[in-house]
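Q: Fold the following.
(chains A, B, C and D)
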There are 2 protein chains.
Amino acid sequence: MDESARLMTVLRPVRAGNAFEETVERLLQAIKLGVVAPGDKLPAERELSARLGISRVTLREAIRALSDAGYLDVRRGRYGGAFVTYVPPKPDAGDLRQAVRRMGQDELSDALTFRLAVDCGAAQILATCDLAEDKKAVLVHRLAELNRAGLDDYRRLDTAFHLSIAELTGSALLATTCADARSRISDLLNAIPMLQVNLDHAAVQHQAIVDAILAADPDAARRAVTEHLEGTAALLRAFLS
Amino acid sequence: MDESARLMTVLRPVRAGNAFEETVERLLQAIKLGVVAPGDKLPAERELSARLGISRVTLREAIRALSDAGYLDVRRGRYGGAFVTYVPPKPDAGDLRQAVRRMGQDELSDALTFRLAVDCGAAQILATCDLAEDKKAVLVHRLAELNRAGLDDYRRLDTAFHLSIAELTGSALLATTCADARSRISDLLNAIPMLQVNLDHAAVQHQAIVDAILAADPDAARRAVTEHLEGTAALLRAFLS
DNA sequence: GTTGATTGGGCTAGTCTCAGACCATTGATG
DNA sequence: CATCAATGGTCTGAGACTAGCCCAATCAAC
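A: Numbers count the residues shown, from 1 in each chain, chains lettered A, B, ... in the order given. You can find the predicted model right below:
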């Protein structure tokens, strides 16, 4: 952890890949995080390419790749567009073991540590500020939605709940960072079998997080998020062995 | 904070600028964070372009721009290279007021919230794991270095101390995120007048952070970091009015 | 001095990416 | 059934970016 470590940190690659690759990754993130739900369509190409800051040609290549891979269904004409066809595969312990091993211990550990840090940070920020009533309502609403979710919607609404915490801080940087942190392990989370006992446990932990935030108790919020995420992390780490 | 907020979060621009602009930003980050100290030289062009994942041509354009702007002195021949000539301007309340206003309230608030969240997250992570002796030694060493620093070295060693916390977690993602968070406000921090009473206060807070981490007390670590950063944040926010 | 290794400086051919224009298809609306 | 607005599909010329090569300058070592 000498000086050269910091050189590696700062003088890292400026770009993760070419425009096409980065666009594919971004669209996959939107799809897998459930920002665009199955059946929904992406914004029109002209609007989306402007939002992403890339040319329509490059965007179309990315959409084509995702269409070929079965994530999107592209239809022409008015009321057409790129519709999301991807539905997360059914949770499966075998798939999970495979995915965890494909990721590798170092990358997995990095991703889990990262997520724990930024999600705890977001929660304690939210528990520190005087939360306006409408923001409290959003948080409570997201939790209620999640609690009455069926198995098909659970992961998507779980994502929505967790990301709402970061968004409610009002920091766009923090929101994007938390979204990035979650998307790094979204495939793993989606593959975790959903047992009723685990869902019940998670519901209690989610309630504890909301309670701590509403009570403006940052220490309690930190502990609640840590307990919740460490449970998942331990489960994933176990699949490495 | 409806669904469209999450669309804005995820479907944001894929790239912040062209390769040249991003390279300039990255080099400026390395310089202003003190990763390459004044008088030091950057890695050779061929090595640096490989690390940054860009062509030598683009890197040279960026170096040329920074050289023209007075940040670097480029010398040819063996033992030549791009030497850092930039020294942070003397802290000045007027400069600070100007810089804070140029940034704008929203961006400043975002940056400060972001930094608070990720630095707290990093500290509590480090206070949660069983820290190896050599890592404890690094932390203590960085603090000692900072405490005996002169005014010229203070900001650079303060940066080194804070970034070490994130690096010691072993998460590269967290380390880069904390470096990014700090670099967003490095110009502001550098412009804060250094009064002895403030430095003494900061030293006590730094000690509290290290003590909490060494004691493996994540709640105390969170509180110590929050107290330390909120002091700075409040000072910066005050310069907006 | 002479040498040789290392470094910045510069050129070229080829690929990636872009902006903008135009075409083709669809389906709600009248 | 005809219209037309919104959408995906396609093409072109220009600019950004790259890989690879060779040249020029510098200076420690011999």
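Q: if I pick residue A:161, what's in contact with it?
A: Residues in contact with residue A:161 (Cβ atoms under 8 Å, 6 or more residues apart in numbering or on different chains) are A:142-143, A:145-146, A:206. Heads up, the C-betas are built off the backbone N, CA and C, glycines and all.
Q: make that residue A:153, sorry
A: Per Cβ under 8 Å, 6+ apart, neighbours of residue A:153: none.
Q: Farthest-apart pair in the contacts of residue A:161, please.
A: The span of those, defined through Cβ to Cβ, is set by A:145 and A:206 at 11.1 Å.
Q: Looking at these two, which is more packed in?
A: Neighbour comparison, residue A:145 and residue A:206: the larger count goes to residue A:206, with 19 against 14 (by other Cβ atoms under 10 Å in any protein chain shown).
Q: Against DNA strand D, how distant is that one?
A: Distance of residue A:206 to DNA strand D, computed by Cβ to the nearest atom of the strand, to the nearest Å: 36 Å.
Q: Just give me the closest of the contacts of residue A:161 to residue B:108.
A: So of the contacts of residue A:161, ranked by how close each gets to residue B:108 (Cβ to Cβ), first place is residue A:142, at 28.2 Å.
Q: Distance-wise, check the closest one relative to chain B.
A: As judged by Cβ to the nearest Cβ, to the nearest Å, residue A:142 and chain B stand 10 Å apart.
Q: Validate this expectation: that residue resides in a strand.
A: No. Looking at residue A:142 with DSSP: H, G, I helix; E, B strand; the rest coil, it is helix, so not inside a strand.
Q: who in chain A is up against DNA strand D?
A: Taking Cβ under 7 Å from any atom of the strand, the part of chain A that reaches DNA strand D is made up of A:15, A:42, A:44-46, A:56-57, A:60, A:63, A:74-82.
Q: Of the residues you listed, grab the buried ones for ChimeraX.
A: Selecting the buried subset of those in ChimeraX, with 16 or more other Cβ atoms under 10 Å in any protein chain shown as the burial test, is done by:
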select /A:15,42,45,60,63,74,81,82
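Q: Restricted to strands, list the residues of chain A next to DNA strand D.
A: Counted as lying in strands by DSSP state E, out of the residues of chain A next to DNA strand D, are A:74-75, A:81-82.
Q: What ranges does chain A have for its helices?
A: A:3-10, A:19-32, A:45-52, A:56-68, A:93-103, A:105-128, A:133-147, A:151-168, A:172-183, A:186-191, A:196-214, A:218-238 (DSSP state H).
Q: Between these, which one is closest to residue B:33.
A: Evaluated over those, closeness to residue B:33 peaks at helix A:3-10, with 6.6 Å, by Cβ to Cβ.
Q: Report the contact partners of residue A:168.
A: Applying Cβ under 8 Å, 6+ apart, the residues near residue A:168 are A:126, A:131, A:135, A:138-139, B:1.
Q: Just put the ones in strands among the residues of chain A next to DNA strand D in CSV and tack on pLDDT and distance to chain B.
A: CSV is the format used below for those (pLDDT from 0 to 100; distance: Cβ to the nearest Cβ, whole Å):
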residue, pLDDT, distance to chain B
A:74, 98, 17
A:75, 97, 20
A:81, 97, 14
A:82, 98, 12
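Q: Look up how far residue B:119 lies from the residue in chain A that DNA strand C sits nearest to.
A: With Cβ to the nearest atom of the strand, the shortest gap between chain A and DNA strand C falls at residue A:77, namely 2.0 Å. Distance, residue A:77 to residue B:119, by Cβ to Cβ, to the nearest Å: 51 Å.
Q: Skipping its backbone neighbours, what lies nearest residue A:187 in space?
A: Closest residue to residue A:187 apart from its sequence neighbours, by Cβ to Cβ, 6 or more residues apart in numbering or on different chains: residue A:99 at 5.6 Å.
Q: One more: residue A:230?
A: With sequence-adjacent residues excluded and distances taken as Cβ to Cβ, 6+ apart, residue A:230 is closest to residue A:116, at 7.2 Å.
Q: same deal with residue A:24?
A: Spatial nearest neighbour of residue A:24, excluding adjacent residues (Cβ to Cβ, 6+ apart): residue A:62 at 4.7 Å.
Q: Ok, residue A:149 next?
A: Residue A:149's closest residue in space is residue A:157 (Cβ to Cβ, 6+ apart), at 4.7 Å.
Q: show me what contacts the most centrally placed residue in chain A?
A: Geometric centre of chain A, nearest residue: residue A:182, 3.4 Å, by Cα atoms, centre = their mean. Applying Cβ under 8 Å, 6+ apart, we find residue A:182 in contact with A:33, A:115, A:159, A:162-163, A:189.
Q: on that earlier part again, how about JSON lines for the contacts of residue A:161, with distance to DNA strand C and pLDDT added?
A: Putting the contacts of residue A:161 into JSON lines (distance: Cβ to the nearest atom of the strand, whole Å; pLDDT from 0 to 100) gives the following:
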{"residue": "A:142", "distance to DNA strand C": "33", "pLDDT": "97"}
{"residue": "A:143", "distance to DNA strand C": "37", "pLDDT": "98"}
{"residue": "A:145", "distance to DNA strand C": "30", "pLDDT": "97"}
{"residue": "A:146", "distance to DNA strand C": "33", "pLDDT": "98"}
{"residue": "A:206", "distance to DNA strand C": "40", "pLDDT": "98"}
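Q: Name the nearest of the residues you listed relative to residue B:95.
A: residue A:142 (43.2 Å).
Q: Residues of chain A that sit close to DNA strand C?
A: Counting by Cβ under 7 Å from any atom of the strand, chain A comes close to DNA strand C at A:18-20, A:49, A:53-58, A:75-80.
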